[in-house]
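**Student:** Would you be able to build a 3D model of this:
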Amino acid sequence: MIAGVRDTRRLSPEAQEDLRRRVVAAVHGGMTQVEAARVFAVAPQSVSRWVQAWRKRGSKGLTGRRRGRKPGEQKALSARQQRKLRYAVAEHTPATFGLTGLVWTRKTVAELIRVRHGIVLNLRTVGNYLRSWGLSPQKPIRKAYEQDPESVRRWLEEDYPAIAARARREGALILWLDQTGIRSDATVARTWAPAGQTPVVGKTGKRFSVNAMCAIGNKGELYFTVYTGSFNGKVFLPFLDRLTRHLDRKVHLIVDGHPVHRRKTIQQWITKHAEAIEMHFLPGYSPELNPDEILNADLKRTMSTSTAPKTRDELKQAVRSFLHRLQKLPDRVRSYFGKPEVRYAA
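**Tutor:** Now for the predicted structure:
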């Protein structure tokens, strides 16, 4: 910066335009450009440039221009390149293009841009591109390689609609069932804390777990049992017996392909009580089709954020308390059927 010369960049666009007009008016009125530069504390080169602009374009030559780039101007990626990259990220995985990883990160997208177009971008710029393409970071749904797409299609378009129609004709209740385990050493959820200071949460150093089996309906029904040890017929049969005794209408119970569900003794019991209950199997390797999986996630998240049990009995009581409260919140249970993958069952 030249001594005695103001930095006009600090002025607002309106103030800059006003200054240019006053300088040009002074020169037009007889003041030399050198004198105008000294009086208005600006560089002589600026005075010369403003006078030339006024002579060429008149008053329009002194009008302030929008700062920064024009939309799309001087971007590293062309519009065509952006369209292709967006399609690649939205419709494919990194492996399709010989990159490592199962999911797209800013680093992976930056590597794709470098490989395909020879352009190196920092991660912040890559993130800006991703957002401008209407993309956002999301947790993906895991889908087993062994899943049969045809079985899933048949379940969604034929099998389940037929079950729902039968249940309506019979005045029966459809319930989805699943089991889950809750551990004392489960990962603690995130919390707010001063930057740079990792918070400490007290937990027992002992490892123990309890299990829960829940059956839910899309009107907010919830039936459960909490148990320890392995899931087997001695756990499943008493639950089925209590369920059918408690309800005054038939149950269509939807389960996964767990070996216990298919055990001969279980199937014999189901056949014997066919007027009270029928059991239907989800397509193999398709947990995302079971709304009870969302209840399981809610249960585990609640246990990791609101409890610090010191013994198995305390953990068991905490799980029971949560599920008892949930029985009184049918709207929350119904919300488990709102996720896109299970909305077919709502």
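**Student:** Show me the domain layout of this structure.
**Tutor:** Residue ranges for each domain of the chain read 8-62, 79-132, 149-187+206-345, as given by automatic domain parsing.
**Student:** Looking at those, spot the one closest to residue 141.
**Tutor:** Nearest to residue 141 among those is domain 149-187+206-345; the distance by CB to CB comes to 5.3 Å. No exception for glycine: its C-beta is placed from N, CA and C like everyone else's.
**Student:** Run the chain-centre distance for the closest one.
**Tutor:** Here domain 149-187+206-345 is found 24 Å from its chain centre; the criterion is CA atoms, centre = their mean, to the nearest Å.
**Student:** how far does that domain stretch from start to finish?
**Tutor:** For domain 149-187+206-345, the first-to-last residue distance is 18 Å (CA to CA, to the nearest Å).
**Student:** Likewise for stretch 187-205?
**Tutor:** Using CA to CA, first and last residues of stretch 187-205 are 13 Å apart.
**Student:** ok, back up a step: Throw the domains of the chain into a markdown table and include mean neighbour count, mean pLDDT and distance to residue 143, thanks.
**Tutor:** Converted to a markdown table, the domains of the chain look like this (neighbours: other CB atoms under 10 Å; pLDDT from 0 to 100; distance: least, CB to CB, whole Å):
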| stretch | mean neighbour count | mean pLDDT | distance to residue 143 |
| --- | --- | --- | --- |
| domain 8-62 | 15 | 88 | 53 |
| domain 79-132 | 14 | 92 | 11 |
| domain 149-187+206-345 | 16 | 95 | 7 |
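**Student:** got these as JSON lines, with distance to residue 199 columns?
**Tutor:** Converted to JSON lines, those look like this (distance: least, CB to CB, whole Å):
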{"stretch": "domain 8-62", "distance to residue 199": "43"}
{"stretch": "domain 79-132", "distance to residue 199": "26"}
{"stretch": "domain 149-187+206-345", "distance to residue 199": "13"}
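**Student:** out of those domains, which comes closest to residue 195?
**Tutor:** With CB to CB, the closest approach to residue 195 among the domains of the chain belongs to domain 79-132: 19.3 Å.
**Student:** Could you work out the end-to-end span of the closest one for me?
**Tutor:** By CA to CA, one end of domain 79-132 lies 12 Å from the other end.
**Student:** packing partners for the helix or strand in which residue 236 is found?
**Tutor:** Residue 236 is part of helix 233-246 when elements are defined by DSSP states H and E. On a contact count with 3 or more CB pairs under 8 Å, 6 or more residues apart in numbering; DSSP states H and E, helix 233-246 meets strand 209-216, strand 222-227, strand 251-255, helix 259-262, helix 264-272, strand 277-281.
**Student:** quick one: which of the ones you listed is nearest residue 93?
**Tutor:** Nearest to residue 93 among those is strand 277-281; the distance by CB to CB comes to 29.6 Å.
**Student:** report the angle between the axes of that closest one and helix 264-272?
**Tutor:** 130 degrees (axes from the mean of the first three to the mean of the last three CA atoms, to 10 degrees).
**Student:** Restricting the selection to alpha carbons, write the helix or strand following strand 277-281 to CSV.
**Tutor:** As assigned by DSSP H and E, the chain's next helix or strand after strand 277-281 is helix 292-306. C-alpha atoms of helix 292-306 as CSV (Å, rounded to 0.1, in the frame of the first residue of the first chain):
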residue,chain,number,x,y,z
ASP,A,292,-38.8,-54.4,14.8
GLU,A,293,-35.2,-53.7,13.8
ILE,A,294,-35.9,-50.0,14.3
LEU,A,295,-37.3,-50.6,17.8
ASN,A,296,-34.0,-52.6,18.5
ALA,A,297,-32.0,-49.6,17.5
ASP,A,298,-34.1,-47.2,19.6
LEU,A,299,-33.6,-49.6,22.6
LYS,A,300,-29.9,-49.8,22.2
ARG,A,301,-29.5,-46.0,21.7
THR,A,302,-31.6,-45.3,24.8
MET,A,303,-29.6,-47.7,26.9
SER,A,304,-26.3,-46.2,25.8
THR,A,305,-27.4,-42.6,26.6
SER,A,306,-29.4,-42.9,29.7
